[in-house]
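J.: Below is the sequence, then the predicted model.
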Amino acid sequence: MNVPNAIQVECPDCGEETLHEVLKGRLGKDGNTLEGTLRCHECGRVHTAVVRETKTVMVPVIISDQGESRKAEIEIPEDEEIRIEDELLLDDLPIIVSSVEKGNGRVTKALAKDITAIWAKRFDQVHVKISINDVHKTIPAEIVVLPEEEFFIGDLMTVGRYNVVITQIKTPDGMARRGSVLARDIVRLYARKARTTYS
């Protein structure tokens, strides 16, 4: 660690982490501690602070993307707790943790320094399965959307060559028959073909 020109640190006036200019500073003997005089970019407050640089570890990640897996590594502060369902950023790719490996077993959470591997899936897009009811038959379909896209019961939408109305949405907690659900929480969309009327 070298003495930086600027650093993110908590400001006593702003009450939150802000960007600070390092007016003067020196490194501690361990090389990971900065003692300095800092000026907050937000409010201009000048104060002294001792900032310890967090040690990071490289953790192996196995990313699942539509049935294919690939290996990568992610840099995480060693004392950060990683849990199942946590969202992380690997380079520019959003991923969501599906499993945490510690030693020879799987756990629901662990500190980064204790993790053997993180199993995750790509999370910049989700595949939503749809069952379309067409009187005497059910047509299976699938669409690729953003995780934050919202689907409303009663909405009209086009799936392939069909115009359909969403009738209910299956989620991990049960069946939604009114309201809306985010794509990330959908197990399956149920819809029926919409009648097309010509005037």
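T.: Alright, I've got the coordinates.

J.: To what extent is Asp155 buried, counted in neighbours?
T.: 13 (other C-beta atoms under 10 Å). Glycine gets a C-beta too; all of them are placed from N, C-alpha and C.

J.: Point out where the chain drops to low pLDDT.
T.: 1, 31, 196-199 (pLDDT under 70).

J.: what's the domain layout of it?
T.: Domain segmentation of the chain under automatic domain parsing yields 6-52, 56-122, 126-193.

J.: residue contacts, the residue nearest to the spatial centre of the chain?
T.: Nearest residue to the geometric centre of the chain (C-alpha atoms, centre = their mean): Glu87, 2.6 Å. Applying C-beta atoms under 8 Å, 6 or more residues apart in numbering to Glu87 gives the contacts 94-97, 123.

J.: Got a quick PyMOL command for the buried subset of those?
T.: Applying 16 or more other C-beta atoms under 10 Å to these, the buried members can be selected in PyMOL as follows:
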select buried, resi 95+96+97+123
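
J.: Which two of the contacts of Glu87 have the greatest separation?
T.: The span of those, defined through C-beta to C-beta, is set by Pro94 and Val97 at 11.4 Å.

J.: hang on, the earlier thing: any chance of CSV for the contacts of Glu87, columns distance to Arg192 and secondary structure?
T.: As requested, the contacts of Glu87 are exported to CSV (distance: C-beta to C-beta, whole Å; DSSP: H, G, I helix; E, B strand; the rest coil):
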residue, distance to Arg192, secondary structure
Pro94, 33, strand
Ile95, 35, strand
Ile96, 31, strand
Val97, 36, strand
Phe123, 30, coil
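
J.: Dump the contacts of Glu87 to CSV, plus distance to Asn104.
T.: Converted to CSV, the contacts of Glu87 look like this (distance: C-beta to C-beta, whole Å):
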residue, distance to Asn104
Pro94, 29
Ile95, 23
Ile96, 24
Val97, 19
Phe123, 27
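
J.: buried ones in the helix or strand harbouring Val50?
T.: Secondary structure assigned from DSSP states H and E places Val50 in strand 46-52. The neighbour-count check on strand 46-52 (16+ other C-beta under 10 Å) flags 49, 51 as buried.

J.: likewise stretch 167-174?
T.: 169-170.

J.: now that stretch, how far from the chain's geometric center?
T.: 22 Å (C-alpha atoms, centre = their mean, to the nearest Å).

J.: One more: stretch 4-11?
T.: 26 Å.

J.: Show me what that stretch is in contact with.
T.: So stretch 4-11 is contacted by 16-22, 34, 36, 38, 40-43, 45, 47, 49, 51 (C-beta under 8 Å, 6+ apart).

J.: now with 6 Å?
T.: Stretch 4-11 has contacts (C-beta atoms under 6 Å, 6 or more residues apart in numbering) with 17-22, 40, 49, 51.
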